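Chemist: Here is the input, now give the coordinates:
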Amino acid sequence: MSMDPTDSPILTLDDDHDFNTLVKHIFKRHGIKVTTTETVEEFIAQLKETKPKLCLIDINLDRGFGAGFSLLQALRNKYGLSIPIIMLSRRKEDKDIIKALELGANDYIYKPIDDAFLLSKINHFLHHDQIQPLPYYKVSEKDSPCKLTWDSEIIGINEFGLTLRGSHFAAKGTRLNLDTRAHAEIFGDYEKIKLFVSKSWIDSQTHLYHAYCEYDYENEDLLAHIRSYLLTHT
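Modeler: Got it, this is the predicted structure:
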């Protein structure tokens with residue numbers, strides 16, 4: 001099933017034989033070596049033999065709906081982020097994309113495959129040697145301090161929370177500290193406010209991530225500022 005099992009930068013898993021044939025044809029035309037597999041057992045065996053630079057895994061295998069998610073999670077637990085993984089699916093559900101990203105997928109591609117789009121994604125991982133995976137460490141289940149910073153745009157606000165949009169994904173349940181110095185008219189003198197992500201999704205057109213975040217309801221003074229702003233601007 002493989003073009004060259006001893007030197008294959010790409011390893012795929014899909015139980016659709018016709019799809020595997022198509023993938024091999026696309027990659028062969030562009031000089032990219034690939035090993036295709038149709039079962040989890042074959043995939044694991046080829047993973048150890050070929051040491052791929054990138055894996056493509058279908059979410060739904062003959063083992064049942066979402067079986068690809070289980071494999072993705074197992075690979076991340078064993079290998080960390082050392083192998084880029086792109087998930088494939090015919091389903092265009094936001095919840096599938098979010099789950100794949102939460103489990104550690106690097107990207108997500110819809111079927112049917114567009115040749116140019118697929119090659120663009122593949123080249124990003126195969127031809128950018130300077131892109132290094134983030135370090136992956138196993139940590140205890142106890143709480144540990146951690147700080148991540150990224151830019152987001154406020155695109156909606158109401159009495160209960162606000163909607164953020166940006167290029168970074170915030171999973172449901174994440175607690176955020178939002179720098180509000182650029183929005184004093186909304187939040188008053190508060191330079192930072194606490195938020196709780198209650199819903200996350202991705203815009204299939206812009207590929208930007210959205211998060212609806214609820215306020216800290218114990219801060220009555222902050223809520224008063226927000227209500228006052230809404231009364232004068234809506």
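Chemist: Could you report the neighbour count for the closest residue to residue 14 other than its chain neighbours?
Modeler: Closest residue in space to residue 14, ignoring its immediate chain neighbours: residue 58 at 4.2 Å, by CB to CB, 6 or more residues apart in numbering. Using the backbone N, CA and C atoms, a C-beta is placed for each residue, glycine as well. By other CB atoms under 10 Å, 21 other residues sit near residue 58.
Chemist: Just the buried positions in the longest strand anywhere in the chain, please.
Modeler: Counting residues, the longest strand in the chain under DSSP state E turns out to be strand 192-202. Residues 193-197, 200, 202 are the ones in strand 192-202 that count as buried (16 or more other CB atoms under 10 Å).
Chemist: now do stretch 207-224
Modeler: Those would be 209-213, 215, 222, for stretch 207-224 by 16+ other CB under 10 Å.
Chemist: In three-state terms, how would the residue nearest to the spatial centre of the chain be classified?
Modeler: By CA atoms, centre = their mean, the chain has its centre lying nearest to residue 101, at 2.7 Å. Using DSSP: H, G, I helix; E, B strand; the rest coil, the secondary structure recorded for residue 101 is helix.
Chemist: can you tell me which residues contact residue 164?
Modeler: 152-155, 170, 178, 210-211, 213 (CB atoms under 8 Å, 6 or more residues apart in numbering).
Chemist: does it count as helix, strand or coil?
Modeler: Applying three-state DSSP: residue 164 is strand.
Chemist: Domain parsing of this structure, as residue ranges.
Modeler: 10-126, 153-233 (automatic domain parsing).
Chemist: need those in JSON lines with distance to residue 145, can you?
Modeler: As requested, those are exported to JSON lines (distance: least, CB to CB, whole Å):
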{"stretch": "domain 10-126", "distance to residue 145": "21"}
{"stretch": "domain 153-233", "distance to residue 145": "13"}
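Chemist: got those as TSV, with distance to residue 143 and mean pLDDT columns?
Modeler: TSV is the format used below for those (distance: least, CB to CB, whole Å; pLDDT from 0 to 100):
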stretch	distance to residue 143	mean pLDDT
domain 10-126	19	88
domain 153-233	12	87
